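**Student:** Have a look; sequence and predicted model below, questions after that.
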Amino acid sequence: QVQLQESGPGLVKPSQMLSLTCTVSGGSITTSYYAWSWIRQPPGKGLEWMGAIAYDGSTYYSPSLKSRTSISRDTSKNQFSLQLSSVTPEDTAVYYCARGPLESLGDEYDYWGQGTQVTVSS
């Protein structure tokens, strides 16, 4: 059973960087052919796929967020991380990490973290 757990600050000031980490247990982030995604849900809105890092370290980003997003990984800790720069209150959301097949990137997930609330406010 794969488990994912998000961690990071719950409050970020406008213009600063949002940094979150997803710790994975029960499976390796280097297992073929999976991608490890970050997804968010702003209040009252639907899910938004932000980007992913694949089993081989390749990264993929949503075009609308690409200029502000960076996803990296630490294979020794079996973790992957999200950095979102220059945040505004519109970045307030519940942030999830999830696993899915690389061939269905952005569409299909089999394991999710519980989600973490991030609020952007001064």
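**Tutor:** The structure has been received and is ready for your questions. Numbering: from 1, shown residues only.

**Student:** wait, what's in contact with the spatially most central residue of the chain?
**Tutor:** In the chain, the centroid-proximal residue (CA atoms, centre = their mean) is W38; its distance is 2.2 Å. Shown in contact with W38 (CB atoms under 8 Å, 6 or more residues apart in numbering): L20, C22, W49, M50, G51, A52, I71, L82, Y95, Y96, C97. All C-beta spots, glycine's among them, are computed from the backbone N, C-alpha and C.

**Student:** burial measure for D110, as a count.
**Tutor:** Number of residues near D110 (other CB atoms under 10 Å) recorded here: 11.

**Student:** do V24 as well
**Tutor:** Using other CB under 10 Å: V24 sits among 22 other residues.

**Student:** likewise P43?
**Tutor:** Neighbourhood size, P43 [other CB under 10 Å]: 9.

**Student:** which residues touch the closest residue to it other than its chain neighbours?
**Tutor:** Counting by CB to CB, 6 or more residues apart in numbering, P43 lies nearest to T92, which is 6.9 Å off, once chain neighbours are set aside. Applying CB under 8 Å, 6+ apart, we find T92 in contact with P42, P43, V118, T119, V120, S121.

**Student:** Quick check: the gap between T92 and S58.
**Tutor:** 29 Å (CB to CB, to the nearest Å).

**Student:** repeat for P9
**Tutor:** 28 Å.

**Student:** Check I29 too.
**Tutor:** From I29 to S58 the distance is 12 Å (CB to CB).

**Student:** Pull the distance from stretch 104-117 to the chain's centre.
**Tutor:** With CA atoms, centre = their mean, to the nearest Å as the basis, stretch 104-117 stands 8 Å off its chain's centre.

**Student:** which stretches of this structure form helices?
**Tutor:** Counting by DSSP state H, one finds no helices in the chain.
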